[in-house]
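S.K.: This is a predicted model, with the sequence first.
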Amino acid sequence: MRKTLKSKVLKDIHKRLYGYYGPQGWWPGRTRFEVIVGAILTQNTAWTNVEKAISALRRAKLLSPIRMKEASTTTLAALIRPAGYFNVKTKRLKNFVNFLFERYGGSLAKASNRPSDILRHELLAVNGIGPETCDSILLYAFKKPVFVVDAYTKRIFSRHAIVERGATYQEIQKLFMDSLRPGERLYNEYHALIVRVGKDFCRAKARCDRCPLNYLQIYF
DNA sequence: GACCAGGCACATC
DNA sequence: GATGTGCATGGT
(Lines give C-alpha, C1' and ligand atoms only; values in the text may rest on other atoms or scores of the structure.)
Protein backbone atom coordinates (compact mmCIF):
# COMPACT_ATOMS: atom_id res chain seq x y z
CA MET A 1 0.00 0.00 0.00
CA ARG A 2 1.36 3.47 -0.88
CA LYS A 3 2.44 5.71 1.94
CA THR A 4 0.03 8.53 1.15
CA LEU A 5 -2.81 6.03 0.98
CA LYS A 6 -1.78 4.56 4.32
CA SER A 7 -1.93 8.03 5.83
CA LYS A 8 -5.44 8.53 4.51
CA VAL A 9 -6.55 5.14 5.80
CA LEU A 10 -5.07 5.81 9.25
CA LYS A 11 -6.96 9.09 9.51
CA ASP A 12 -10.14 7.47 8.23
CA ILE A 13 -9.93 4.64 10.77
CA HIS A 14 -9.63 7.13 13.60
CA LYS A 15 -12.64 9.02 12.28
CA ARG A 16 -14.70 5.85 12.09
CA LEU A 17 -13.72 4.63 15.54
CA TYR A 18 -14.32 8.01 17.10
CA GLY A 19 -17.70 8.20 15.41
CA TYR A 20 -18.56 4.70 16.61
CA TYR A 21 -17.33 4.91 20.20
CA GLY A 22 -16.89 8.59 21.01
CA PRO A 23 -14.16 9.94 23.31
CA GLN A 24 -12.54 7.39 25.63
CA GLY A 25 -11.07 9.74 28.21
CA TRP A 26 -7.93 7.71 28.86
CA TRP A 27 -5.90 6.70 30.88
CA PRO A 28 -8.10 5.05 33.55
CA GLY A 29 -6.17 6.32 36.57
CA ARG A 30 -6.85 8.92 39.25
CA THR A 31 -3.35 10.37 39.50
CA ARG A 32 -0.23 10.59 37.39
CA PHE A 33 1.53 8.07 39.58
CA GLU A 34 -1.38 5.66 39.38
CA VAL A 35 -1.22 5.86 35.59
CA ILE A 36 2.46 4.91 35.67
CA VAL A 37 1.86 2.03 38.06
CA GLY A 38 -0.95 0.80 35.81
CA ALA A 39 1.31 1.01 32.75
CA ILE A 40 3.83 -1.31 34.39
CA LEU A 41 1.26 -3.69 35.86
CA THR A 42 -0.64 -4.14 32.61
CA GLN A 43 2.36 -5.60 30.78
CA ASN A 44 1.01 -8.70 29.04
CA THR A 45 -1.88 -8.76 31.50
CA ALA A 46 -5.64 -8.21 31.34
CA TRP A 47 -6.68 -4.83 32.73
CA THR A 48 -9.28 -6.40 35.06
CA ASN A 49 -6.41 -8.06 36.94
CA VAL A 50 -4.51 -4.79 37.09
CA GLU A 51 -7.54 -3.08 38.67
CA LYS A 52 -7.49 -5.56 41.53
CA ALA A 53 -3.82 -4.87 42.18
CA ILE A 54 -4.28 -1.09 42.04
CA SER A 55 -7.21 -1.27 44.46
CA ALA A 56 -5.04 -3.25 46.86
CA LEU A 57 -2.25 -0.68 46.56
CA ARG A 58 -4.74 2.12 47.22
CA ARG A 59 -6.11 0.41 50.33
CA ALA A 60 -2.54 0.02 51.57
CA LYS A 61 -1.93 3.71 50.74
CA LEU A 62 1.06 2.86 48.59
CA LEU A 63 0.02 4.85 45.51
CA SER A 64 2.63 7.55 45.98
CA PRO A 65 6.30 7.49 44.96
CA ILE A 66 7.65 7.86 48.49
CA ARG A 67 5.33 5.27 50.04
CA MET A 68 6.11 2.79 47.30
CA LYS A 69 9.82 3.44 47.61
CA GLU A 70 9.68 2.73 51.33
CA ALA A 71 7.47 -0.37 51.05
CA SER A 72 9.16 -3.76 51.35
CA THR A 73 9.32 -5.97 48.29
CA THR A 74 7.39 -8.73 50.05
CA THR A 75 4.56 -6.32 50.92
CA LEU A 76 4.47 -4.93 47.41
CA ALA A 77 4.55 -8.37 45.80
CA ALA A 78 1.67 -9.61 47.95
CA LEU A 79 -0.48 -6.60 47.04
CA ILE A 80 0.07 -6.77 43.28
CA ARG A 81 -0.29 -10.54 43.14
CA PRO A 82 -3.56 -10.47 41.12
CA ALA A 83 -1.78 -8.66 38.26
CA GLY A 84 0.48 -11.66 37.62
CA TYR A 85 4.29 -11.78 37.24
CA PHE A 86 4.27 -10.20 40.69
CA ASN A 87 7.96 -10.80 41.40
CA VAL A 88 9.21 -9.16 38.21
CA LYS A 89 6.66 -6.37 38.43
CA THR A 90 7.63 -5.63 42.02
CA LYS A 91 11.20 -5.10 40.84
CA ARG A 92 10.00 -2.96 37.94
CA LEU A 93 7.92 -0.70 40.19
CA LYS A 94 10.89 -0.36 42.52
CA ASN A 95 13.19 0.38 39.60
CA PHE A 96 10.91 3.19 38.49
CA VAL A 97 10.55 4.87 41.88
CA ASN A 98 14.28 4.54 42.52
CA PHE A 99 14.93 6.21 39.18
CA LEU A 100 12.44 8.95 40.02
CA PHE A 101 14.17 9.72 43.30
CA GLU A 102 17.71 9.48 41.97
CA ARG A 103 17.05 11.60 38.92
CA TYR A 104 14.19 13.93 39.98
CA GLY A 105 14.15 13.85 43.76
CA GLY A 106 10.92 11.88 43.66
CA SER A 107 9.05 14.64 41.81
CA LEU A 108 6.84 13.70 38.87
CA ALA A 109 6.36 17.42 38.23
CA LYS A 110 10.09 17.89 37.71
CA ALA A 111 10.25 14.87 35.43
CA SER A 112 7.27 16.23 33.51
CA ASN A 113 9.15 19.42 32.69
CA ARG A 114 11.86 17.57 30.80
CA PRO A 115 11.74 17.46 26.99
CA SER A 116 10.02 14.27 25.93
CA ASP A 117 12.93 12.87 23.89
CA ILE A 118 15.27 13.14 26.87
CA LEU A 119 12.71 11.68 29.26
CA ARG A 120 12.12 8.87 26.79
CA HIS A 121 15.80 7.91 26.79
CA GLU A 122 15.92 7.99 30.57
CA LEU A 123 12.79 5.87 30.99
CA LEU A 124 13.98 3.28 28.46
CA ALA A 125 17.16 2.90 30.49
CA VAL A 126 15.12 1.77 33.51
CA ASN A 127 15.09 -2.02 33.68
CA GLY A 128 11.54 -3.22 33.09
CA ILE A 129 10.40 -0.23 31.05
CA GLY A 130 10.34 -1.05 27.36
CA PRO A 131 9.01 0.96 24.40
CA GLU A 132 5.28 0.54 25.04
CA THR A 133 5.40 1.13 28.79
CA CYS A 134 7.69 4.10 28.23
CA ASP A 135 5.43 5.71 25.64
CA SER A 136 2.31 5.00 27.70
CA ILE A 137 3.92 6.87 30.58
CA LEU A 138 4.96 9.75 28.32
CA LEU A 139 1.55 10.07 26.67
CA TYR A 140 -0.86 9.31 29.48
CA ALA A 141 1.02 10.42 32.58
CA PHE A 142 3.09 13.29 31.18
CA LYS A 143 0.82 14.34 28.29
CA LYS A 144 3.65 14.26 25.76
CA PRO A 145 2.68 13.84 22.08
CA VAL A 146 4.03 10.29 21.59
CA PHE A 147 2.05 7.56 19.85
CA VAL A 148 1.72 4.28 21.74
CA VAL A 149 1.96 1.02 19.79
CA ASP A 150 0.57 -2.05 21.50
CA ALA A 151 -0.41 -5.64 20.67
CA TYR A 152 -3.82 -4.53 19.37
CA THR A 153 -2.24 -1.95 17.08
CA LYS A 154 0.07 -4.56 15.57
CA ARG A 155 -2.69 -7.13 15.23
CA ILE A 156 -5.38 -4.89 13.77
CA PHE A 157 -3.20 -2.96 11.36
CA SER A 158 -1.25 -5.97 10.11
CA ARG A 159 -4.47 -7.91 9.56
CA HIS A 160 -5.72 -5.02 7.49
CA ALA A 161 -2.45 -5.08 5.52
CA ILE A 162 -1.55 -1.55 6.56
CA VAL A 163 1.67 -2.57 8.31
CA GLU A 164 3.91 -5.57 7.64
CA ARG A 165 3.34 -8.57 9.86
CA GLY A 166 6.90 -8.39 11.20
CA ALA A 167 7.06 -4.59 11.48
CA THR A 168 8.97 -3.27 14.48
CA TYR A 169 7.62 -1.01 17.21
CA GLN A 170 9.55 1.95 15.82
CA GLU A 171 8.35 1.43 12.26
CA ILE A 172 4.70 1.34 13.29
CA GLN A 173 5.09 4.31 15.61
CA LYS A 174 6.77 6.30 12.85
CA LEU A 175 3.97 5.52 10.42
CA PHE A 176 1.35 6.85 12.81
CA MET A 177 3.32 9.91 13.81
CA ASP A 178 4.21 10.75 10.20
CA SER A 179 0.62 10.29 9.06
CA LEU A 180 -1.30 12.10 11.78
CA ARG A 181 -1.36 15.72 12.77
CA PRO A 182 0.89 15.83 15.87
CA GLY A 183 -0.91 16.24 19.16
CA GLU A 184 -1.33 14.65 22.54
CA ARG A 185 -5.15 14.66 22.36
CA LEU A 186 -5.30 12.81 19.05
CA TYR A 187 -2.63 10.25 20.00
CA ASN A 188 -4.36 9.69 23.31
CA GLU A 189 -7.81 9.08 21.82
CA TYR A 190 -6.58 7.05 18.86
CA HIS A 191 -4.64 4.54 20.94
CA ALA A 192 -7.51 4.23 23.42
CA LEU A 193 -9.93 3.60 20.56
CA ILE A 194 -7.65 0.93 19.09
CA VAL A 195 -7.61 -0.91 22.41
CA ARG A 196 -11.38 -0.57 22.70
CA VAL A 197 -12.13 -2.00 19.27
CA GLY A 198 -9.46 -4.65 19.79
CA LYS A 199 -11.06 -5.84 23.01
CA ASP A 200 -14.53 -5.82 21.49
CA PHE A 201 -13.87 -7.47 18.14
CA CYS A 202 -10.27 -8.62 17.68
CA ARG A 203 -9.59 -11.04 20.51
CA ALA A 204 -9.23 -14.82 20.25
CA LYS A 205 -12.80 -15.13 19.08
CA ALA A 206 -12.71 -12.58 16.28
CA ARG A 207 -16.06 -11.11 15.34
CA CYS A 208 -15.11 -9.21 12.23
CA ASP A 209 -18.65 -9.21 10.85
CA ARG A 210 -19.82 -6.67 13.43
CA CYS A 211 -16.58 -4.71 13.73
CA PRO A 212 -16.74 -0.98 12.85
CA LEU A 213 -13.59 -1.56 10.78
CA ASN A 214 -15.31 -4.24 8.71
CA TYR A 215 -15.74 -1.71 5.91
CA LEU A 216 -12.04 -2.08 5.12
CA GLN A 217 -12.82 -5.54 3.71
CA ILE A 218 -9.24 -6.78 3.90
CA TYR A 219 -8.52 -9.66 6.21
CA PHE A 220 -5.39 -11.73 6.77
C1' DG B 1 -8.47 -27.60 31.05
C1' DA B 2 -6.59 -25.12 27.40
C1' DC B 3 -5.97 -20.47 25.85
C1' DC B 4 -5.35 -15.64 26.32
C1' DA B 5 -4.28 -10.84 28.15
C1' DG B 6 -2.80 -3.03 26.72
C1' DG B 7 5.64 -6.63 27.63
C1' DC B 8 10.15 -7.10 28.88
C1' DA B 9 14.76 -8.97 29.80
C1' DC B 10 17.91 -12.26 28.99
C1' DA B 11 20.25 -16.33 26.80
C1' DT B 12 21.65 -18.29 22.65
C1' DC B 13 22.69 -18.77 17.89
C1' DG C 1 19.76 -8.94 14.37
C1' DA C 2 16.51 -12.76 14.95
C1' DT C 3 14.45 -16.23 17.72
C1' DG C 4 13.11 -18.69 22.08
C1' DT C 5 11.94 -18.70 26.96
C1' DG C 6 10.56 -17.43 31.78
C1' DC C 7 7.60 -14.71 34.31
C1' DA C 8 1.85 -15.81 36.93
C1' DT C 9 -2.78 -14.46 37.74
C1' DG C 10 -7.76 -14.57 36.59
C1' DG C 11 -11.43 -14.65 32.95
C1' DT C 12 -13.59 -17.21 28.95
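M.R.: Everything's here; your move.

S.K.: Check which helix or strand A:Gly198 maps to.
M.R.: Using DSSP states H and E, the secondary-structure element containing A:Gly198 is helix A:184-201.

S.K.: got the contact list for the nearest residue to A:Tyr187 once chain neighbours are set aside?
M.R.: With Cβ to Cβ, 6 or more residues apart in numbering as the criterion, A:Tyr187 has its nearest non-adjacent residue at 4.8 Å, and that residue is A:Phe147. Any C-beta I mention is one placed from the backbone N, CA and C, and that applies to glycine too. By Cβ atoms under 8 Å, 6 or more residues apart in numbering, the residues touching A:Phe147 are A:135, A:139, A:173, A:176-177, A:180, A:187, A:190-191.

S.K.: One more pass at 10 Å, please.
M.R.: Contacts here follow Cβ atoms under 10 Å, 6 or more residues apart in numbering; on that basis A:Phe147 touches A:135, A:138-139, A:153, A:172-180, A:182, A:186-188, A:190-191.

S.K.: rewinding a little: packing partners of the helix holding A:Gly198?
M.R.: helix A:3-21, helix A:131-136, helix A:151-159, helix A:169-179 (3 or more Cβ pairs under 10 Å, 6 or more residues apart in numbering; DSSP states H and E).

S.K.: Check which residues of stretch A:16-25 are buried.
M.R.: By neighbour count, with 16 or more other Cβ atoms under 10 Å as the criterion, the buried positions of stretch A:16-25 are A:16-17, A:24.

S.K.: Which residue, other than its chain neighbours, is closest to the residue in chain A that DNA strand B sits nearest to?
M.R.: Going by Cβ to the nearest atom of the strand, DNA strand B is nearest to A:Gly130 of chain A, at 2.2 Å. Of all residues not flanking A:Gly130 in the chain, A:Leu124 sits nearest, at 7.4 Å (Cβ to Cβ, 6+ apart).

S.K.: Please apply the same query to A:Thr75.
M.R.: Computed as Cβ to Cβ, 6+ apart, the closest residue to A:Thr75 that is not its neighbour in sequence is A:Ala60, at 7.5 Å.

S.K.: gap between the one you found and A:Arg159?
M.R.: Using Cβ to Cβ, to the nearest Å, one gets 41 Å for the distance from A:Ala60 to A:Arg159.

S.K.: The two: which is more packed in?
M.R.: When A:Ala60 and A:Arg159 are compared for neighbours, A:Arg159 comes out ahead with 18 against 15, by other Cβ atoms under 10 Å.

S.K.: Look at that one and report its pLDDT.
M.R.: Looking at A:Arg159, its pLDDT reads 91.

S.K.: At the geometric centre of chain A, which residue sits there?
M.R.: Nearest to the mean C-alpha position of chain A, by Cα atoms, centre = their mean, lies A:Ser136 at 3.8 Å.

S.K.: my read: it touches A:Ala39, true?
M.R.: Yes. The pair formed by A:Ser136 and A:Ala39 meets the contact definition of Cβ atoms under 10 Å, at 4.2 Å.

S.K.: who in chain A is up against DNA strand B?
M.R.: In this structure, chain A approaches DNA strand B at residues A:26-28, A:38-39, A:42-47, A:49, A:84-85, A:88, A:126-134, A:136, A:140, A:150-152, A:195, A:198-199, A:203-204, judged by Cβ under 7 Å from any atom of the strand.
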